[in-house]
Each structure stands twice: as C-alpha cells, then as structure tokens.
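> My questions are about this predicted structure, shown below with the sequence.
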There are 2 protein chains.
Amino acid sequence: MPEWRCDDDTGGNGVKMTLGCVTCSVRQIEALLEHAPIDPDAKMACMKAALAGLAAFDMNLSPPAAAAAFHAKIRDLLGDEDPYRELKRRSTQVSLELFPAMKARVDASPDPLMAALRVAIAGNIIDYGARQGAGRADILESMERALAGDADEDFARAFREDAAHAERILYVGDNAGEIVFDRLLLERLGPSRVVFAVRGGPIINDATLDDARASGLDGLVRIVTTGAALPGVDGRASSPEFLDALASADMIVFKGQGNLETVIDGELDGFAKRGARMYFLLKVKCAYVAARLGKDLLDIACLPAPSEPKGHGIPLCRQKIRVHPRQSVANAFVFCRGFTSTCTAGSVKKKVAPFPGLDSAHTRPPCRQTMRCTMVRPTPVPGNSSWGCSRSKISKSLSASFMSKPIPLSFTK
Amino acid sequence: MPEWRCDDDTGGNGVKMTLGCVTCSVRQIEALLEHAPIDPDAKMACMKAALAGLAAFDMNLSPPAAAAAFHAKIRDLLGDEDPYRELKRRSTQVSLELFPAMKARVDASPDPLMAALRVAIAGNIIDYGARQGAGRADILESMERALAGDADEDFARAFREDAAHAERILYVGDNAGEIVFDRLLLERLGPSRVVFAVRGGPIINDATLDDARASGLDGLVRIVTTGAALPGVDGRASSPEFLDALASADMIVFKGQGNLETVIDGELDGFAKRGARMYFLLKVKCAYVAARLGKDLLDIACLPAPSEPKGHGIPLCRQKIRVHPRQSVANAFVFCRGFTSTCTAGSVKKKVAPFPGLDSAHTRPPCRQTMRCTMVRPTPVPGNSSWGCSRSKISKSLSASFMSKPIPLSFTK
C-alpha cells in the first residue's frame, strides 16, 4: 500500500512534479493556447516560453505550483489576466440551471447530508486543468454515478460526527461551476459557521471571488480568498484572512485534486488549527494520484488512526476509494480524510512559485527548516485504527444499511 | 476540405510542428524515460533537458525531425544508443509468431494483393512513438478490422495498375515487428524488383537493418538504409544508396505516419524519380493528421487528378479514408496516394535536425531556395479527376464487387 510520504529531502511544497505532471502541464498549455485569440505563430511562441519555463522549473514543487507559474507566464504573454473567464461564466450558468433538480434530489434523499456530499464531489468533474471541461451531460452523468455509488459507513460516520461537533468549518472550494453544487453541502453543514475559500486570483478555471458571487454564494456564507492565484493551498502564500480561517477551523474540507496535491506532503499543518479534522473530496484526475491512493482503485486503503497521531505530519486516512469497475481513472471517486498536527499557526512569508523568465530567484522561506523538523513520516503500516482497515469492498448490505439509516445532524435544516 | 498545403513561408521540411505535436513529443519523452533504468532524479534531469531542447527547437521542422533530435539527446543522456532494442526484439518475435496465420489468411483471400496490403497497414499499429506499443491482441484486432473493412475500388485499381507496371519499387518501412507483415505485400509485389528501406540508425521503435535481418527480410529483398536516424524520410539527409533507390523507383510505398509527415509539405520530389507513383499506407495516429486528411474521417477526400499535374510540388491524392464508425482516431485506416513532380534528383547536403544543447547551429541547406522555387501549391479544388471524387461512402455492393472480382497481377506468385 503506497504511503503519502513526507520526504525530508524534497518535501514541504506538496506533491512533487512527476514526469507525467510535466506532460500534463504541457497538455494544459496546449489546451489554453488552442482557443486563445492569437495567431498560430504567437501561440507557438507562448508554448516555447512555457517549455523554457518548465525546463528550468523546480520540479520539487507541486503540479499546482507549476500551473500557477506557467499560467501566470501565459496570461502575461496573452495580455489577458483571466483567459478562462468566459468558460467559467458558462460553467456557472449551466450549474445554476442544473442546481434546482440536484437540490430536489438531495432533499428527497434518505440521507441528505451524504447525498449533498456526493453531488458536491461529482461537481469536481468541471475542471479545465485536468480535463477539457465538462458540459451539462458530463455533469449530470457524474452526479448520477455519485448518487448511485456504494456508500462508506466509516467515512460517513466520521464526517457526520466531525461536522456535528465542529464550531468552525473552513471549506476550500475548487472550480467555477463546481462551487454552485458545493452550496448543497454548505447548506447541510450550516452556513453560519462555515467560511468558504476561493482562489486569490484567476488561475485556470478555479473559482475566484467573482465566480463565487456569480454563483450566489455570497448571500449564503462568509467568503474569503486564499490570497494566491494558485490552484491549491499554500500556507506561506496565503492572505491573512485565509490564515485566520485555517487557524480557527475545527474541520477543513478541501475540494479537488489541486488542494490535495498542495496539502499532502506539504506544510499546511503549520498554519492549521491544532487537531483540526481535514477532509479531501475530489475526483481523481490522473494516474499518479490514483496510484498514490492505492495500488488497486477498488481497494479500501487506510493510514494510522487519527486517535493515535504518531507525530506532527499529516497522517492522511485514505478512507475510501470508490471506482465503478467500468469507470475511467478520470471518473474515479475519492473520499479522503486527514488530520493536522499539534502545530499552531506559524510564521508566514509570501511565497511566489518561481518561473524562469519571470522570477528567476527561488528562495526557500526561512520558516522551512523549522517546520520540517516538526514533521515525521506517517507510520507506514496501518495502526490500531478505530476506523478499521479492510482491502475488501464494502458489502451491498452495508451500503444499503448506510443509505436507509441516516443519522440526523443537529445542524441540518 | 483541408488541403495538403505547400507553404512557401515555412515549408520544405515536411509537416510543421503543432501545439499538439509538442504535447505528443513530451508524452513520448515521458514514456521513454518511464522505463529507463535510471533513478527518478536522473529521469527528471533528462526531461528538463528535453524540454529545454524543445523550447529552442525550430517548430517549422516536422514532428519526426523533432523526435529525431530529442531522442538523440536522450540517448546520449541515457548512455544507451538504442533504448527500444528489447521492445523491438519482442515486437519482432510476436509478429513472427503471428505471421504464418496471417499469411494463410492472405493466401486464402479472393484478392491476395489487397489482403496483403491490408495486413501490412494493420501492422502499423505497432508504434511506440505514437502509442505505448501494441501486443499480440492489439495486432490481431488491428488485422481483423483491416481485413473486414470496406474496400476502395479506385484505390485498389490504381495500386494494382501501378504495381503491375512499375519496374522498380521502393518500399520505405516503418516499425520493428510491423515490417514482418510487410513481407506479405513485398511477396505479392515481387521481391526481385523491390528495394526495402529501413532507418539509418536507432530511433524510437523504427526498424533498422538489424531489425530487418531479425525479421528475415534480408533473404527476401534488397535492403537499404535511409542513412538517417529519423522516423521519416529527408532527401537531404539520406544515404547515397537510398537516394539511388529514390531516383530510380517508379513506385514508392511509404509506411506509417512519420514517412507521411516528412514527405508531405516536404521536398522529397527533388530526389525522387520524375513521375514516380507514391503511396502512403498508414494508420492515423493523431488528431492533427486525421484533421488534415479530411474534416470528417468517414468522408472520401481527393486532390487533383494525377494525370493533370499543376506544377512541381507533391499533389497528394488522399484517395480513401477508412474509419470504422466505432474506431478511435488511433485506429483509423488510411490509404493515400500521391505523385512526384518532374524534378530529378537534386543536390544533396547532409542535414542534421538541430537540438539546442547538442547542435546549436541550424543551417538551411543551400539547395533549399532552389528547390522551393520548383514547388507550387496544389490546386485547391478537385480538378477533372479520373479517380473521381465523392464525399459519400463506397456502397456495400461496390465493396462486395471489389472483393469478389480480384484482378490477377502478372507478378503475383
């Protein structure tokens, strides 16, 4: 069973770039340029600039850090600070049109909280970084699959309990359009105690403050920005308001692969509240993340129980991987749960991912070594987990039981 | 209907690199490095070197020229002059095992020449550049599809007639393993008048002299090498023996997309015999080539009739595009036919595709401008073609008629 390792030689920046991430980055650049309103020679010039940047990029940084860097470079070359503006507008529009029907489905469900959670994850199909976006049919298919999939009793119980007891919840959103469906989960979690975070600036089709407003979320929850145009989270590059939210939340929900990739193997625990419960809700978008979640996508994979923290790292509990046998990796379903360390918010230094040609200097933040020493590798084998750990699939009867016996939340509407 | 354009601003080197070709190149680099026996850091160092090379590459050159350059760079970094050696050996082995059954199929066919041609094209599925190779099942499926597909009476008649009248045939092979199946067509064409060309050095899984020998072809036909480790053909970088073969063949058969990409929009006609008949037999491996072959893969697309050459370029007749409705682009089937100009073999200068870091200078060969002036754009609309031009599919009855009424060739065994 592969581990989410904290590698002292390289870590602290999230998941490292792999060879596949390089290819994926170039594919993203191609997709972005393909529809740019410039002539073919200018497009190729942009591509060459991006290749040069990638060639000199620090591959110990995460794929979202690379995306932040090369998208910034291309935005400059295109003279367009938000090339995905129109695509995001359309995603929001389609999602708002689909929202009432999905809300009705959730309200009619025997377990509205889990139904809302499934629909929210399914909305993560809208992703112009990892895929070429998703239209109405793709979104509906993703949601139907999510609602029809097997349930995970352990995951549901833990999420429900943590949600019931959390005083403050930080919900870190992902993409425009997707956040429309997050509303269903936000409503079930209780909007008054939730802070909803969006990106600090345009990056791919990730939701910004404008997108959150266009989705009507500003009338529901308090919204903050992460402070960075990064398709993920970086405590060292975060706005004070986001750091405040990190430092005070008892429960943190991260949507999407970019958030996972920057948090896992990273140093966010230095900024998050001691003992905060972390949940990662995403659709797996690449083979690398799929592989790290377990050798077999149908397996259940666990890390050490949260009740027995072994150190100050981020022991992530990969509680459940749900993949329909005929689904592609891109449609895989993942619920992950992780836990922060005993650290409290540390020193903050603005960090900008370096991209040669724009920013040639790459300075490690001074807090880095201090923070590294507070992290250890998670125990490589499952401990005495109260969550249990099984490589077999949850039986149909368990699933049926889970769906038919909802545990009402005190804070549901 | 898109045209095979000869673009005077950029042409002469074959098809230009597109944004998609850049992504595909990086994907190839990833695939090559993925299995290289070096540590992850060394792999990433190779990737960065390749990215730097691509960033500075002359994108007016063809994808095969880029492949030749970056594979040479990576071969140097790996210290392995033929990283695909073992994969090629396995492809040859599997193909030799499958050969007797396919030979029996061809011999039992009512039209052995066309059956042999179909099997030979189907073997083009074995391609470690465009795809991650093909195993026994992939090869068999490709061949079953090829044998079951609709026939193209016009193409068959033209190929048959040209083959019947050609005194010398140059057959430019593509990949190791694939060339085992070329034997079936070589046998039908009459080995004594055929020269079979392989690559001049290791490049991806393209067949070299060693691979041709391992396939037993040296006992069947005369074999020459192109003289270049390029997954295509470049008259200016060719060996004297290959140039002789080009200059004397009445009929030239090019296998695979790499040969197509370097010949189309290129300057090969300056080296080929006046009036030589060219045939391109390949499986389409990318969306770009698919798009250039026609907007709709199921359409029939034609260029001006060969009997009315408009100039000295390469008016290519895309005689037939065969795609099963449920096949993917990668499995598309293409027969193409083109014709060389009135040029005779021109001056030759060894050309090496530039790859920054290895070769920084990029010198246009001195014959370039002379050759450009002998090329014109093909007439952009179909002329009075004796081949006919229809966008409708060939009817089943025509296909049946074609398959049931073989026209015996005087040179078949």
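On my side now, so go ahead. Residues are numbered from 1 along each chain as shown, chains lettered A, B, ... in the order given.
> Assign the closest residue in space to A:Val15 that isn't next to it in sequence to helix, strand or coil.
Leaving aside its sequence neighbours, A:Val15 sits nearest to A:Glu261 (Cβ to Cβ, 6 or more residues apart in numbering or on different chains; 4.3 Å). Glycine gets a C-beta too; all of them are placed from N, C-alpha and C. Classification of A:Glu261 using DSSP: H, G, I helix; E, B strand; the rest coil returns helix.
> So A:Glu261 sits against A:Ala66, correct?
No - applying Cβ atoms under 8 Å, one finds A:Glu261 not in contact with A:Ala66, separated by 10.3 Å.
> Of these two, which one has the most company?
A:Glu261 (30 against 24; other Cβ atoms under 10 Å in any protein chain shown).
> and the stretch 1-150 of chain A, which of its residues are near chain B?
A:17, A:19-20, A:22-23, A:26-27, A:29-30, A:33-34, A:43-44, A:47-49, A:51-52, A:54-57, A:59 (Cβ under 8 Å from any Cβ of the partner chain).
> Among the residues you listed, the buried ones, what's the PyMOL command?
In PyMOL, this line selects whichever of the residues of the stretch 1-150 of chain A next to chain B come out buried by 16 or more other Cβ atoms under 10 Å in any protein chain shown:
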select buried, chain A and resi 17+19+20+22+23+26+27+29+30+33+43+44+47+48+49+51+52+54+55+56+57+59
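> Okay, and which of the residues of the stretch 1-150 of chain A next to chain B map to strands?
Among these, no member falls in strands (DSSP state E).
> ok, the residue nearest to A:Asp82 when sequence neighbours are not counted - how many residues close by?
Counting by Cβ to Cβ, 6+ apart, the nearest residue to A:Asp82 once its immediate chain neighbours are dropped is A:Pro202, at 3.7 Å. For A:Pro202, the neighbour count with other Cβ under 10 Å is 21.
> Please tell me I have it right and A:Pro202 contacts A:Leu230.
No - contact criterion Cβ under 8 Å: A:Pro202 and A:Leu230 do not qualify, at 11.1 Å.
> List the contacts of the closest residue in space to A:Lys255 that isn't next to it in sequence.
Among residues not flanking A:Lys255 along the chain, A:Asp174 sits closest, at 4.2 Å (Cβ to Cβ, 6+ apart). By Cβ atoms under 8 Å, 6 or more residues apart in numbering or on different chains, the contact list for A:Asp174 reads A:124, A:127, A:206-207, A:231, A:255-256, A:258-259, A:282.
> My guess is A:Ser215 contacts A:Phe99. True?
No - assessed by Cβ under 8 Å, A:Ser215 is found out of contact with A:Phe99, at 9.0 Å.
> Walk me through the domains of chain A.
A:19-78, A:91-401 (automatic domain parsing).
> gap between the two ends of the shortest one?
Using Cα to Cα, to the nearest Å, the end-to-end distance of domain A:19-78 comes out at 27 Å.
> Any stretches of chain A with poor pLDDT?
Scanning chain A with the threshold set as pLDDT under 70 gives A:1-12, A:130-133, A:151, A:269, A:293-413.
> which residues of it fall in strands?
Going by DSSP E, chain A shows strands at A:169-172, A:194-198, A:222-225, A:251-255, A:277-283, A:316-322, A:333-339.
> In terms of secondary structure, what does the fourth one contact?
The reference is to strand A:251-255. If you count contacts as 3 or more Cβ pairs under 8 Å, 6 or more residues apart in numbering or on different chains; DSSP states H and E, strand A:251-255 packs onto strand A:169-172, helix A:178-189, strand A:277-283.
> Now tabulate those in CSV and tack on distance to B:Gly190.
Listed next are the helices and strands packed on strand A:251-255 as CSV, based on distance: least, Cβ to Cβ, whole Å:
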stretch, distance to B:Gly190
strand A:169-172, 70
helix A:178-189, 63
strand A:277-283, 57
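> nearest to B:Ala108, of these?
strand A:277-283 (50.1 Å; Cβ to Cβ).
> who does that closest one touch, helix- and strand-wise?
Going by 3+ Cβ pairs under 8 Å, 6+ apart, strand A:277-283 lies up against helix A:112-122, helix A:153-165, strand A:251-255, helix A:257-263, strand A:333-339.
> and it with helix A:178-189, angle?
Inter-element angle recorded for strand A:277-283 and helix A:178-189: 140 degrees (by axes from the mean of the first three to the mean of the last three Cα atoms, to 10 degrees).
> what angle sits between strand A:277-283 and strand A:251-255?
Angle, strand A:277-283 to strand A:251-255, by the same axes, to 10 degrees: 20 degrees.
> Give me the sheet partners of strand A:277-283 and which way each runs.
Next to strand A:277-283 in the sheet, as set by DSSP bridges, lie strand A:251-255 (parallel), strand A:333-339 (antiparallel).
> For it, buried residues please.
Neighbour-count burial for strand A:277-283, with 16+ other Cβ under 10 Å as criterion, is recorded at A:277-283.
> Then stretch A:161-179?
Here stretch A:161-179 shows A:162-164, A:166, A:168-179 as buried, counting by 16+ other Cβ under 10 Å.
> other SSEs contacting the longest helix anywhere in chain A?
The residue-count maximum for a helix in chain A (DSSP state H) belongs to helix A:85-108. Under the contact definition 3+ Cβ pairs under 8 Å, 6+ apart, helix A:85-108 sits against helix A:112-122, helix A:136-148, helix A:178-189, helix A:209-214.
> picking that back up, in helices, which of the residues of the stretch 1-150 of chain A next to chain B appear?
Among those, the members found in helices (DSSP H) are A:19-20, A:22-23, A:26-27, A:29-30, A:33-34, A:43-44, A:47-49, A:51-52, A:54-55.
> Which residues outside stretch A:181-189 are in contact with it?
Counting by Cβ under 8 Å, 6+ apart, A:95, A:99, A:102-103, A:106, A:112-113, A:115-117, A:119-120, A:122-123, A:143, A:163, A:169, A:171, A:173, A:194, A:196, A:215-217, A:220-221, A:253, A:255, A:409, A:411-413 sit against stretch A:181-189.
> Surely A:Ser109 and A:Arg118 touch.
No - with contact defined as Cβ under 8 Å, A:Ser109 and A:Arg118 do not form a contacting pair (9.0 Å).
> Spit out the residues that contact these two alike.
A:Leu147.
> Neighbour count for these two, which is higher?
A:Arg118 (29 against 17).
> so what's that one closest to, chain neighbours aside?
Here the residue nearest A:Arg118, using Cβ to Cβ, 6+ apart, is A:Ala146, at 4.1 Å.
> Roughly how far does the residue nearest to A:Asp82 sit from B:Arg199?
Counting by Cβ to Cβ, to the nearest Å, the gap from A:Pro202 to B:Arg199 is 47 Å.
> Repeat that for A:Thr92.
Counting by Cβ to Cβ, the gap from A:Thr92 to B:Arg199 is 52 Å.
> got any residues that touch both of A:Ser215 and A:Phe99?
Joint contacts of A:Ser215 and A:Phe99 (Cβ under 8 Å, 6+ apart) are A:180, A:183.
> still on that earlier bit, for the residue nearest to A:Asp82, list the residues it contacts.
Per Cβ under 8 Å, 6+ apart, neighbours of A:Pro202: A:75, A:81-85, A:208, A:229.
> Now the buried members of these.
Using 16+ other Cβ under 10 Å, the buried ones in these are A:75, A:82-85, A:208, A:229.
> Go ahead and confirm A:Asp218 touches A:Ala212.
Yes - A:Asp218 lies in contact with A:Ala212 (Cβ under 8 Å); the separation is 6.2 Å.
> Of these two, give the one with the bigger neighbour count.
Taking other Cβ under 10 Å, A:Asp218 and A:Ala212 do not tie; A:Ala212 has more neighbours (26 against 13).
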